[in-house]
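quick one, fold the following:
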Amino acid sequence: MSALVILGILLAIVIVLALWIVGIYNSLVALRNRFKNAFAQIDVQLKRRYDLIPNLVEVAKGYLKHERETLEAVIKARNIALAASQSAAANPADANAIRGLLGAEAGLGGALSRLMVVAEQYPDLKANQNMKQLTEELTSTENKVAFARQAYNDSVMTYNTTRETFPNVVFAGMFGFLPAELFKVDDPAERNAPQVKFT
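As a prediction, the model looks like this:
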């Protein structure tokens, strides 16, 4: 065989390997973008919920004059969760930002639950039409957050699985594709959405 043929074969092998690596890179980019988009859907619903909470507190404020501490705790938890959400939305691939959001969401869920328990003790507040409407919207938003979270977790699982399988795992670290964090609740008591419905 001549040197030219051997050089041609080596060049063909290099081109095939390069195309194969480009294919791995492009598939990881597509999957990362998919889970980032899925997080954006969670973010939309979380923002809607964060917008509803001050209205809920404002309606409750007139009735819960002696529960100022509870109302302030809800607003504080909402502000912390909003900041954590903005941080996570800026880079959904940052596992620490997602963990921070999960912690903030757990705190907000607890504060909302306490508000609803207190509100149950005030019949006039339970009968208030604005309060009923806001709690229905909040419940609906909680359901949308749950569906968006499921879609996000499915996208993250697909990305992480693709990233961790051989031979992708060899190139993923080189290209800066870090593992993505699932949007999960670790504490079983926090797994339920805050009860915001008056009976």
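
okay, buried residues for the lowest-mean-pLDDT helix or strand in the chain please.
Within the chain, no helix or strand scores below helix 123-127, which has a mean of 82 by mean pLDDT, DSSP states H and E. For helix 123-127, the neighbour count (16 or more other CB atoms under 10 Å) marks Leu125 as buried. C-beta coordinates here come from the backbone N, C-alpha and C atoms, glycine included.

same deal with stretch 85-99?
Quick answer for stretch 85-99 (16+ other CB under 10 Å): 85, 87-89, 92-93, 97-99.

output the contacting helices and strands for the next helix or strand after the least confident helix or strand of the chain.
On the C-terminal side of helix 123-127, the closest following helix or strand by DSSP states H and E is helix 129-164. Secondary-structure packing of helix 129-164 (3 or more CB pairs under 8 Å, 6 or more residues apart in numbering; DSSP states H and E): helix 3-61, helix 95-119, helix 168-172.

give me the mean pLDDT for the second one.
Mean pLDDT, helix 95-119: 92.

before we move on, the earlier item: pick the most buried one from the helices and strands packed on helix 129-164.
Neighbour counts (mean count of other CB atoms under 10 Å) averaged over each of the helices and strands packed on helix 129-164 peak at helix 95-119, with a mean of 19.

chain center to that one: distance?
13 Å (CA atoms, centre = their mean, to the nearest Å).

then stretch 45-61?
The answer for stretch 45-61 is 19 Å, by CA atoms, centre = their mean.

got the CA coordinates for it in CSV?
C-alpha atoms of stretch 45-61 as CSV (Å, rounded to 0.1, in the frame of the first residue of the first chain):
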residue,chain,number,x,y,z
GLN,A,45,-45.7,28.7,37.4
LEU,A,46,-43.6,29.7,40.5
LYS,A,47,-43.7,33.3,39.4
ARG,A,48,-47.5,33.1,39.1
ARG,A,49,-47.7,31.7,42.6
TYR,A,50,-45.3,34.3,44.0
ASP,A,51,-47.6,37.0,42.5
LEU,A,52,-50.7,35.4,44.1
ILE,A,53,-49.2,35.2,47.6
PRO,A,54,-49.1,38.9,48.4
ASN,A,55,-52.7,39.3,47.3
LEU,A,56,-53.7,36.4,49.6
VAL,A,57,-51.8,37.9,52.5
GLU,A,58,-53.4,41.3,51.8
VAL,A,59,-56.9,39.8,51.9
ALA,A,60,-56.1,37.9,55.1
LYS,A,61,-54.5,40.9,56.8
